[in-house]
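> Next input, structure requested:
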Amino acid sequence: MPATVQSPTARILAPVAALAALFGAAWWFASRPAVDPAVPGATRPVLPPPLPAAEPAVPAGADAREEPRPDAVTRDAGATAVLDMRLHCRGPARLLRVLFTVDAAAGERLATAERLGLAEDYAARITLPASGWLRAGAIVFDPPDAADGALVLPQSVRPEPGNQVRVDLQCGQVPATLRVVGPSPALLAHLVLELHPRPRFGAGPATASLPLAADGTVRLHLPDEPHRAGIRLAETPDPGIRPGWLVGAAAVCALQAADGSFDLAARSGELLLAPIEPLAGVVVGAAGRTIPAVLGFAGPPAPRPYSPCHVDLRQRVLGAALAYGTAPEFGSFTFRPADLLADADLFRLDPARIERLGQLRVRVPATGPAPLDLLAEPLGGGSPQRLERDGDGHAAALRPGDYRLRWDVRGGPGPAAAERVSVRAGETVELALPPLPLQRWTVQMLDADPKQSAIWFCRLGGVHSLGGARDGEFLFDLAEPPRQGQPAEVWSHALRAAFPATVVGADPGRRYAEIVSPATEVTWCRVQPRALADGRLTLRLAGAADAAGTARGPTGALASDTAVPLGRGGARNGCLCERIDDREQITAWFRLEHGVDELVVAPHGRWATLQIVRPVLRAQVLAQGPDGGTPVPAFAVDGAGEFPLYVAGGTRAVHVELAPGGRLVFAPEGPFVVR
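From the prediction side, this is the model:
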């Protein structure tokens, strides 16, 4: 018989296929369904060939013979939902081990399901209690016996009870390695890298939170959707203390690549990333012993889990005059950042340098639907501190010393609740106080027009009225009767207008008082806006202080076609905004004056182009009006590019707030180029 001749390719592939078959069989026996000790009730079955990713999800109630076998069922906790998880791997089929994971929003792992195969698509179905937001992702091990896998970024899902949710994941042919450079090795051990979708960077929950390896690296498959990376901070930064930060607060410090870019494209290889601002870590302890604590450099820290290291912006850590903390071993305490012992970017707080605080707890019987607040005023001088609500009472951690307790009556200072309370370090003082008796008063604004539609609110001696009124009749709960000549204030949130008022009479027997205000002498000017491109219109009024009246008028958006009140001799400046192509453009400036019944505001200006050449996280465009007041925000963009910009006639300057980079100011004539 003639001999069979194999091609060179066949001779190479035959042993490879045999080895793959033997390895797959061995793996099947080694990973037969077994209970995963890390997940109660979860199993690790390896099924025959995975379902194709393009196959539609199995609807609830379908024939069981058509459904993929369930892979993991968490402990019974009531109504359940099903996650139909699919993973598509780019490139040619290769032997992989895939671990599907489902985590709670807080990070707790709820379920896993494992797959092994020589395929491009993998699938698993996981049944678990439907309880809030979940993160559904996967870890890919290539080769299958690798000790560490590469993360596939998870998706946030919120399954409804009884429903099935499809989760589609993708991984590249080769994972990327993100390496954080800049922080010292000692600090790297405490850093957590967060990945956020580009449009929501710093403004929402992270897609993934990943601890860094000792060398500052993490391996993962980057998604097609642009993402940005950052280092999680212990607290939300205060936008006023540092330049070049995000427009708006964010509890993450952005990472920037060596080429200046912020976007992490779907790529392989190693990518070097550095924080845009220096970081610092603070640990509490001495003699090699670390004490978990919670620290705050912008005030007393909000409640959160104790941590062995507080990661923050270096500028804030070293710039604070006084910092706060709490630890199970010491309770609440304060310390001076100047006393921190520095080792590069990792600082240590010696427990001998802290000042322990005392605890004050005040119990007040509940009376009425809205209990009052309490303020602790240092008798030796200093700012009062508000006690926090604590069940049926109030509590605060205070520096050692003597304090006066004062009632806070709906925003206004009330009578003293206790003249002297001594607080000592490390001790707890408990008090029981009777509730403050309040009187229900009616305060009438004279000459109010009951036909006008605006809802007005009132403040009397710092105390807010109980709701608003159209007819000028306000209700108050007061600890003390109003006084003749006592200043007051009336304002309208909807109209962004406020006017002073004065008490002109009070009758304690009837618990009735009267006030007068220029708000009753206003003229109403109706603004009629005109559109530039049929977009959504809004009016913005700038705050002003005028002779007759506007004691305060916060800048804010009004509905279009709005009547605005103006006090005698007063005026208000504003602008017309229109949303065009999903960007807010300022199309006109205007001025309202007393006595004008109607004003038509039409777009007036020209189109220009804003060019942002340098890499940026975010850029906020603002415009300064003819009055030279506070610049008004227009639109924001997430990154470099060219953007249409409408420059309204009368614009004094165009501001561009860059993150990072600070603020640039341009003349209205342009050009508007950020290099």
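> Tell me which helix or strand the nearest residue to residue 300 once chain neighbours are set aside sits in.
Spatial nearest neighbour of residue 300, chain neighbours left out: residue 324 (4.6 Å); criterion: C-beta to C-beta, 6 or more residues apart in numbering. From N, CA and C alone the C-beta is placed, and that goes for glycine too. Using DSSP states H and E, residue 324 maps to strand 323-327.
> Just the C-alphas of that strand, formatted as CSV.
The C-alpha coordinates for strand 323-327 follow below in CSV (Å, rounded to 0.1, in the frame of the first residue of the first chain):
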residue,chain,number,x,y,z
ALA,A,323,-5.7,67.2,61.7
TYR,A,324,-8.2,64.8,63.2
GLY,A,325,-8.4,61.1,63.7
THR,A,326,-10.1,58.2,65.5
ALA,A,327,-8.8,54.8,66.4
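> how much distance is there from the next helix or strand after that strand to the middle of the chain?
The helix or strand immediately downstream of strand 323-327 is strand 331-335, counting by DSSP H and E. Between the mean C-alpha location of strand 331-335 and the chain-wide mean there is a distance of 27 Å, by C-alpha atoms, centre = their mean, to the nearest Å.
> The closest residue to residue 104 other than its chain neighbours: neighbouring residues, count only.
Distances taken as C-beta to C-beta, 6+ apart put residue 110 closest to residue 104, at 5.8 Å, once the chain neighbours are dropped. For residue 110, the count of nearby residues is 22 (other C-beta atoms under 10 Å).
> Just to check, residue 110 is in contact with residue 135?
No: look at residue 110 against residue 135 with C-beta atoms under 8 Å: they stay out of range, at 9.4 Å.
> Tell me the span between the first and last residue of stretch 662-671.
19 Å (C-alpha to C-alpha, to the nearest Å).
> check which helix or strand covers the residue nearest to residue 104.
Going by DSSP H and E, residue 110 is in strand 109-119.
> mean confidence score for that strand?
In this model, strand 109-119 has a mean pLDDT of 93.
> mind listing the strands for the stretch 401-550 of the chain?
401-409, 412-423, 428-432, 439-445, 457-460, 463-464, 473-478, 487-492, 497-507, 512-516, 523-529, 536-541 (DSSP state E, counting those that start in this stretch).
> Dump those into JSON lines; add mean pLDDT, distance to residue 602 and mean neighbour count as well.
Output for these, formatted as JSON lines (pLDDT from 0 to 100; distance: least, C-beta to C-beta, whole Å; neighbours: other C-beta atoms under 10 Å):
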{"stretch": "strand 401-409", "mean pLDDT": "94", "distance to residue 602": "48", "mean neighbour count": "19"}
{"stretch": "strand 412-423", "mean pLDDT": "91", "distance to residue 602": "44", "mean neighbour count": "16"}
{"stretch": "strand 428-432", "mean pLDDT": "94", "distance to residue 602": "64", "mean neighbour count": "13"}
{"stretch": "strand 439-445", "mean pLDDT": "95", "distance to residue 602": "36", "mean neighbour count": "17"}
{"stretch": "strand 457-460", "mean pLDDT": "93", "distance to residue 602": "33", "mean neighbour count": "22"}
{"stretch": "strand 463-464", "mean pLDDT": "90", "distance to residue 602": "39", "mean neighbour count": "20"}
{"stretch": "strand 473-478", "mean pLDDT": "94", "distance to residue 602": "39", "mean neighbour count": "19"}
{"stretch": "strand 487-492", "mean pLDDT": "91", "distance to residue 602": "26", "mean neighbour count": "21"}
{"stretch": "strand 497-507", "mean pLDDT": "92", "distance to residue 602": "24", "mean neighbour count": "20"}
{"stretch": "strand 512-516", "mean pLDDT": "96", "distance to residue 602": "38", "mean neighbour count": "20"}
{"stretch": "strand 523-529", "mean pLDDT": "87", "distance to residue 602": "8", "mean neighbour count": "17"}
{"stretch": "strand 536-541", "mean pLDDT": "88", "distance to residue 602": "11", "mean neighbour count": "19"}
